[in-house]
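*Asks:* okay, here's the prediction I keep looking at, along with the sequence it came from:
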Amino acid sequence: MNSPIYVALDTPDIDRAKAIAKKVQSHVGGIKLGLEFFMANGRHGVHAMAEIGLPIFLDLKLHDIPNTVAKAIQALRPLDPAILTVHAAGGRAMLEDAKAAAPTGTKVVAVTMLTSLDDSDLRSVGFPPDPHEQVLRLADLAKSAGVDGIVCSGAEVKAARKAWKDGFFVVPGVRPKAGNSGDQKRVVTPRAALDGGASVLVIGRPITQADDPDQAARAIEATL
Ligand SMILES: O=c1ccn([C@@H]2O[C@H](COP(=O)(O)O)[C@@H](O)[C@H]2O)c(=O)[nH]1
């Protein structure tokens with residue numbers, strides 16, 4: 001069975017990204033490239049990473065008016081990513097148009113509430129301070145708009161999966177050990193995220209900043 005781990009290669013340095021990907025490739029199911037990598041290396045960089053042979057998750061978290069997001073996704077079509085993110089808060093029309101613009105094989109997943117936010121952050125931007133409620137509301141919108149799934153934390157994935165049995169659930173904010181969460185606020189272990197119903201676990205720094213990324217990825221995989 002393929003590993004559910006997508007390693008987040010958050011670096012502008014393409015040689016470093018390639019070196020880590022090659023080290024961990026037998027313990028991960030795919031590579032996640034986000035804004036830092038894409039801003040530095042663009043489409044050429046994505047093509048270069050795809051040569052390693054693992055599925056590519058393009059985590060660009062698109063959030064704009066429907067026409068702009070649809071045109072941006074059309075421009076990304078030649079990259080044919082396995083997974084692509086947009087923000088659920090962009091609204092129903094944006095989600096519908098994003099899905100329609102994506103290649104057939106690309107899973108379009110909607111970010112609900114960033115794992116770096118907690119209830120006080122929600123309150124500060126004017127939302128009711130309940131991450132659970134916020135995630136489930138946006139999951140419902142994403143489902144009805146026809147995208148493939150959502151990004152949420154491991155704290156919400158069980159309830160979201162219950163309401164959307166065949167949804168595709170991406171869970172970042174995953175930490176194998178307590179105490180090193182960095183900027184992540186809604187954190188669970190890889191095992192707990194999978195038990196809750198995650199389809200994919202996004203893991204970055206616990207692997208990429210380890211002295212031995214291969215050993216770190218292997219150790220996480222052994223807990224799954
Ligand atoms: O809610 C979200 C959505 C995306 N991310 C991304 O996942 C990785 C997590 O990296 P770590 O180093 O394991 O914290 C990163 O690329 C984020 O942009 C997220 O963390 N939360």
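*Replies:* That came through, no problem.
*Asks:* contacts for stretch 8-27?
*Replies:* The list of residues contacting stretch 8-27 from outside it, by CB atoms under 8 Å, 6 or more residues apart in numbering, reads 3, 5, 7, 31-34, 36-37, 39-41, 45, 48-49, 52-54, 59, 172, 202-205, 207-208, 213-214, 217-218, 220-221. Backbone N, C-alpha and C define where each C-beta goes, glycine included.
*Asks:* show me which positions of that stretch end up buried.
*Replies:* Neighbour-count burial for stretch 8-27, counted by 16 or more other CB atoms under 10 Å, picks out 8-11, 14, 17-18, 20-21, 23-25, 27.
*Asks:* which of those fall within helices?
*Replies:* 14, 17-18, 20-21, 23-24 (DSSP state H).
*Asks:* pick out the most distant pair among the buried residues of stretch 8-27.
*Replies:* Taking CB to CB as the measure, those reach their widest spread between I14 and H27, a distance of 21.2 Å.
*Asks:* using the three-state scheme, assign the residue most central in space within the chain.
*Replies:* The chain has V170 as the residue nearest its centroid, 5.3 Å off, counting by CA atoms, centre = their mean. Secondary structure for V170, judged by DSSP: H, G, I helix; E, B strand; the rest coil, is strand.
*Asks:* that one bridge partners, please.
*Replies:* Under DSSP bridges, the beta-bridge partners of V170 are V151, V200.
*Asks:* check whether stretch 117-136 contacts the ligand.
*Replies:* No: judged by CB under 6 Å from any ligand atom, stretch 117-136 and the ligand are separated, with a smallest distance of 8.0 Å.
*Asks:* quick one: terminal-to-terminal distance for that stretch?
*Replies:* With CA to CA, to the nearest Å as the measure, stretch 117-136 spans 15 Å from end to end.
*Asks:* and that stretch, which residues are buried?
*Replies:* Buried, per 16+ other CB under 10 Å, within stretch 117-136: 117, 119, 122, 127, 131, 134-136.
*Asks:* out of those residues, list just those in helices.
*Replies:* When DSSP H is applied, those are split such that 119, 122, 131, 134-136 fall in helices.
*Asks:* which bits of this structure sit near the ligand?
*Replies:* 8, 10, 34, 59, 111, 114-115, 151, 172-173, 184, 202-205.
*Asks:* how near is T115 to A102?
*Replies:* 23 Å (CB to CB, to the nearest Å).
*Asks:* now L84
*Replies:* For L84, the distance to A102 - CB to CB - is 6 Å.
*Asks:* and D15, by the same measure?
*Replies:* In this structure, D15 and A102 are 30 Å apart, going by CB to CB.
*Asks:* now F127
*Replies:* 28 Å.
*Asks:* and the longest strand along the chain, which strands flank it?
*Replies:* Assignment by DSSP state E gives strand 56-62 as the longest strand of the chain. When pairing is defined by DSSP bridges, strand 56-62 lines up against strand 30-34 (parallel), strand 83-87 (parallel).
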